[in-house]
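**Student:** predicted model follows, preceded by the sequence.
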Amino acid sequence: MATGGTSSSSEEGFLSRMALNDNKAGMEGLNRDKINKIIMESSKGSRFYENELKKEQQVNQRIERMMLQKAHITEQQLSKAQAQVEKMTSDLERGRDLSRVIVHVDMDAFYAAVETRDCPDLMDKPMAVGSMSMLSTSNYHARKFGVRAAMPGFIAKKLCPNLVIVPTNFDKYRAVSAEVREVFADYDPHFLPMSLDEAYLDISDHLEQRRGWPEALRTHRLRLHTNNTGTTWSISLPLSLYPSSSPCLQDAAGGEVEVFGTCAEEAVREMRFRIEQKTSLTASAGIAPNMMLAKVCSDKNKPNGQYKLSSNRQAVIDFIQDLPVRKVSGIGKVTEKMLGALGITSCSHLGQEMALLALLFSETSWHHFLHISMGLGSTHIERDGERKSMSTERTFGEMSALKEQFSLCRELCQDLAQDLQKEALKGKTVTLKLKNVNFEVKTRAWTLPCAVATTEELFAVAKDLLKTEIDNVSPQPLRLRLMGVRVSSFASADDKKPLQKSIVGFLHKKQTNSSSTSQISHKPVKEHLPKPPGLTQPSACPSLNTNTSAETHISMSALTASDKMTHEPTAHASTSSCCSTEPESGTDSLTCPVCFREVNTTELTVFNRHIDQCLSGVTMGQNNHTDTELERGPSVCEEEEEEDEKTGGKREEGAMEKGRELLSRCMLDSVGLQLDSSAGDHTESTTGPALTCPVCQETQDTNDLTLFNLHVDLCLNQEVLHELGGLAPVDRTTHTAPPAAHKGLCFRDVLFTE
Ligand code: DCP
Ligand code: MG
């Protein structure tokens, strides 16, 4: 258990972070020691190494804190937590749904396979796609040397001197992806693409229909492929893909045909056959009763294979028993290490230690762990209208030229616009993500009063956000290695989210019968959103009308997210009547948006003081805590783990990202400007223009966003309290704004602590 306590243990810990991550198909049985030695030797002193070192130290500190908490846990707390876990387990068991047939399809070595298809000389060579500074992927030959995605090319070259590195060509990958998606749509028109090469499908309805299909509908002709050098070859894939159960037949014209059966495995085999026929590329697939399991299954027989997990409870439990936690999507190297420090490496260990995990981790995290340990996952593939965001990002070697940066920014907006338009989505929040050459990640976002979707609309916002960043580091150049653009707050999604309440709604005086809290009107806290520093009003929004539609609200769910870090988490999100500390009956009370406790007062000054104390951390750890309420460890959703990040391609945000998204939105909506919450990547601008508070409209004498956020939060609180108290609307010109340099933790810092 390496917690960084001694230099040798920290060395070991660091080694484990830098070490080969062989959790990828095609990397089994490698000589890890040899590979790790080369990785360490060739990366020492590089920025990559320095950044990994920094992150390693942060993780070690988190583990130390966690172990300290663990040491203070009493038997009583454990048994209370155990009861809670058991109750939840039986509730979840009752709701187990094994009725759907979910498929996860993932192309094999996608970018590398596309490049090899178009240049068959690469076929037998170890090759990777990317650059000397970062690789996007590698083919299976190269994986045998330890070369993989998210590894700098210069390290890969040390591991495999003959490695051929091919530059990325996104136009090609996008075109292939579109072809693959056409096939997906025949099996599930509402399939959920996760990136250019992967998607979830629910084929239950397809199977229903397929059962009645005549053989002719399940018969597909093999065709010959001709590559761009004119060579023709039969693409009928290896027998391993087409086992003897369905031999190729001759059709009337003498061509070879393949007949597929009606069951799930046959349908998926057919899908993969059709993808391969259409694109000359292979895909792997997993078939299971839910998304979590389907994803794990698709990796089992990779490349060019598939695996079906039976839809019965015992099969699921057996499957999950020995599964290493790291194989589960959403558990990256940080969570793996934290669990490892508790002796947990497999999913069955997770189940055994749930009570402890419930005490040490946030609610989101331990619920997630419990689901995993029971083999549960989502059985409902989110449809387009339910998406939280859509994004695209690229990793590259250093890019410092302004012209290049703006042109890439536009290109990303264009990609995103195409995808948004295909799916008729429009979003209000545009986020720019930047990673600099020191691997520091920043996100900057702006929420518009109306939803946008076209390239020009997106670019109008993204370019201003980029310009702000460029100005912030000026006269130094902005030295980037990754850029991404994301759109969120989809118009359609918002319509379906009555629980996203404004802070006004949330703070409304609690009525004895508060069941209608979700209906509370979303009265805007403020009406005018000022531009973030350097942001020119985007011309993109045709119906820009800040007077009527710009609504600054802190989402209910975002507030709940803060709760998850430090307090007993409950279903606060749905109604304030669920708060654990009930007020005396008949007494009017207000619910604190920070600690979620009822404050038995209607006296606004008293209430405000309570909030201020909460914001500065004073009430944390006291005030009606039950004895199981320890200061919670981090939520796994805070972990954006590096190697899980695709360095290119569109991603629909997964469940674990949603929490983060909500946290972000909280601040996006209140300030319109936000820093990335990635652990260790949290950087702040120290230069740049003074900031103007969007609530009181006063320029704040600070460039420190933490202080500025605090000011805005306090302003919002004051304004809300005025409204709640039935006072006249705040006169922004006279209202005394909270001081910018207020000490203590600001609300956002509470959220982002850990
Ligand atoms: N990708 C990327 N950066 C990463 C990981 C992936 O740019 N850190 C890109 C390149 C991959 C594509 O996304 O080709 C798909 O990612 P996968 O994780 O599915 O990896 P591959 O398809 O390359 O390989 P596998 O056969 O393991 O699926
Ligand atoms: Mg893939």
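**Tutor:** Cool, got the structure. Ligands and ions are numbered 1, 2, ... in the order given.
**Student:** list the buried residues for the helix or strand hosting A112?
**Tutor:** Using DSSP states H and E, A112 sits in helix 110-118. Within helix 110-118, the residues that count as buried by 16 or more other C-beta atoms under 10 Å are 110-117. All C-beta atoms are positioned from the backbone trio N, CA, C, and that covers glycine.
**Student:** filter these by proximity to ligand 1?
**Tutor:** 110-111 (C-beta under 6 Å from any ligand atom).
**Student:** return the member of the buried residues of helix 110-118 nearest to ligand 2.
**Tutor:** F110 (4.7 Å; C-beta to the ion).
**Student:** list the contacts of the closest one.
**Tutor:** 137, 173, 196-197, 281 (C-beta atoms under 8 Å, 6 or more residues apart in numbering).
**Student:** kindly recompute the last result at 6 Å.
**Tutor:** For F110, the contact set (C-beta atoms under 6 Å, 6 or more residues apart in numbering) comprises D197.
**Student:** next one: the one 3 residues further on
**Tutor:** Listed by C-beta under 6 Å, 6+ apart, the contact set of A113 reads L281.
**Student:** tell me which residue in the stretch 351-500 of the chain sits closest to ligand 2.
**Tutor:** Closest point on the stretch 351-500 of the chain to ligand 2, by C-beta to the ion, is T395, at 16.2 Å.
**Student:** residues of whichever strand or helix holds that residue that come out buried?
**Tutor:** In this structure, T395 sits in strand 389-399 according to DSSP H and E. For strand 389-399, the neighbour count (16+ other C-beta under 10 Å) marks 389-396, 399 as buried.
**Student:** which other helices and strands does it contact?
**Tutor:** Applying 3 or more C-beta pairs under 6 Å, 6 or more residues apart in numbering; DSSP states H and E, one finds that strand 389-399 contacts helix 402-422, strand 480-490, strand 648-652.
**Student:** let me know which of those is tucked in deepest.
**Tutor:** Highest mean neighbour count among those (mean count of other C-beta atoms under 10 Å): strand 480-490, with a mean of 25.
**Student:** the strand holding T395: partners in the sheet, and parallel or antiparallel?
**Tutor:** strand 480-490 (antiparallel), strand 648-652 (antiparallel) (DSSP bridges).
**Student:** mean pLDDT for those strands: which is lowest?
**Tutor:** Least confident of these, judged by mean pLDDT, is strand 648-652 with a mean of 38.
**Student:** now do the helices in the stretch 401-550 of the chain.
**Tutor:** 402-422, 455-473, 491-495, 503-507, 546-549 (DSSP state H, counting those that start in this stretch).
**Student:** close to ligand 1, is the first one?
**Tutor:** No - residues of helix 402-422 are not located near ligand 1 by C-beta under 6 Å from any ligand atom, the shortest gap being 13.6 Å.
**Student:** how many other residues sit next to the closest residue to R269 other than its chain neighbours?
**Tutor:** Of all residues not flanking R269 in the chain, F260 sits nearest, at 6.2 Å (C-beta to C-beta, 6 or more residues apart in numbering). Neighbour count for F260, taken as other C-beta atoms under 10 Å: 23.
**Student:** list the contacts of F260.
**Tutor:** 218, 266, 270.
**Student:** work out for me the element the last one sits within.
**Tutor:** Pointing back at E270 there. helix 264-279.
**Student:** tell me what that helix is packed against?
**Tutor:** With 3+ C-beta pairs under 6 Å, 6+ apart as the test, helix 264-279 has helix 170-187, strand 283-288 packed against it.
**Student:** near ligand 2 at all, that helix?
**Tutor:** No - with C-beta under 5 Å from the ion as the criterion, ligand 2 is not reached by helix 264-279; the gap is at least 12.1 Å.
**Student:** contacts only, for the closest residue to V103 other than its chain neighbours.
**Tutor:** When the adjacent residues along the chain are set aside, V103 lies closest to L201, with 4.6 Å between them (C-beta to C-beta, 6+ apart). Neighbour list for L201: 103, 184, 187-188, 191 [criterion: C-beta under 6 Å, 6+ apart].
**Student:** give me the distance between S99 and ligand 2.
**Tutor:** Per C-beta to the ion, to the nearest Å, S99 is found 28 Å from ligand 2.
**Student:** you'd agree that residue is in a helix?
**Tutor:** No - according to DSSP: H, G, I helix; E, B strand; the rest coil, S99 belongs to no helix; its state is coil.
**Student:** pLDDT score assigned to it?
**Tutor:** Value listed for S99 in the pLDDT field: 96.
**Student:** and it, how many neighbours does it have?
**Tutor:** So S99, with other C-beta under 10 Å, has 9 neighbours.
**Student:** pLDDT of stretch 331-340, averaged?
**Tutor:** Here the average pLDDT along stretch 331-340 is 92.
**Student:** before we move on, back to that, let me have the helices and strands packed on strand 389-399 in CSV, adding distance to ligand 2 as columns.
**Tutor:** CSV is the format used below for the helices and strands packed on strand 389-399 (distance: least, C-beta to the ion, whole Å):
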stretch, distance to ligand 2
helix 402-422, 18
strand 480-490, 19
strand 648-652, 10
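**Student:** now those as JSON lines including distance to D97?
**Tutor:** Output for these, formatted as JSON lines (distance: least, C-beta to C-beta, whole Å):
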{"stretch": "helix 402-422", "distance to D97": "30"}
{"stretch": "strand 480-490", "distance to D97": "26"}
{"stretch": "strand 648-652", "distance to D97": "22"}
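**Student:** out of the ones you listed, nearest to G26?
**Tutor:** Shortest distance between G26 and the helices and strands packed on strand 389-399, using C-beta to C-beta, is found for strand 648-652: 19.4 Å.
**Student:** mind giving me the domain split of the protein?
**Tutor:** For the chain, automatic domain parsing gives the domain ranges 102-107+170-311, 313-384, 389-490, 601-752.
**Student:** and the strands in the stretch 301-450 of the chain?
**Tutor:** Listed in chain order, the strands of the stretch 301-450 of the chain (DSSP state E, counting those that start in this stretch) span 306-308, 389-399, 427-436, 441-452.
**Student:** need those in JSON lines with mean pLDDT, can you?
**Tutor:** Listed next are the strands of the stretch 301-450 of the chain as JSON lines, based on pLDDT from 0 to 100:
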{"stretch": "strand 306-308", "mean pLDDT": "98"}
{"stretch": "strand 389-399", "mean pLDDT": "86"}
{"stretch": "strand 427-436", "mean pLDDT": "91"}
{"stretch": "strand 441-452", "mean pLDDT": "87"}
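**Student:** just to revisit the earlier point, from the contacts of L201, list the ones also adjacent to ligand 1.
**Tutor:** Okay, of the contacts of L201, nothing touches ligand 1 (C-beta under 6 Å from any ligand atom).
**Student:** most surrounded residue in these?
**Tutor:** V103 leads those on contacts (other C-beta under 10 Å) with 30 neighbours.
**Student:** verify the stated contact: that residue with I203.
**Tutor:** Yes - using C-beta atoms under 6 Å, V103 is in contact with I203, at 5.5 Å.
**Student:** burial measure for the closest residue to L420 other than its chain neighbours, as a count.
**Tutor:** Nearest residue to L420, sequence neighbours excluded (C-beta to C-beta, 6+ apart): A453, at 4.5 Å. The burial count assigned to A453 is 21, neighbours taken as other C-beta under 10 Å.
**Student:** and the residue of the stretch 351-500 of the chain closest to ligand 2, what are its bridge partners?
**Tutor:** Bridge pairing for T395 - DSSP bridges - gives L482.
**Student:** how far away is it from M271?
**Tutor:** 30 Å (C-beta to C-beta, to the nearest Å).
**Student:** please identify which helix or strand holds L78.
**Tutor:** Going by DSSP H and E, L78 is part of helix 75-94.
**Student:** other SSEs contacting that helix?
**Tutor:** helix 354-360.
**Student:** would you put the C-alpha positions of the helix it packs on in CSV?
**Tutor:** Output in CSV follows, covering the C-alpha atoms of helix 354-360 (Å, rounded to 0.1, in the frame of the first residue of the first chain):
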residue,chain,number,x,y,z
MET,A,354,-19.2,-1.5,0.9
ALA,A,355,-19.8,-0.3,4.4
LEU,A,356,-16.3,1.1,4.6
LEU,A,357,-16.6,2.6,1.2
ALA,A,358,-19.9,4.2,2.2
LEU,A,359,-18.1,5.9,5.1
LEU,A,360,-15.0,7.0,3.2
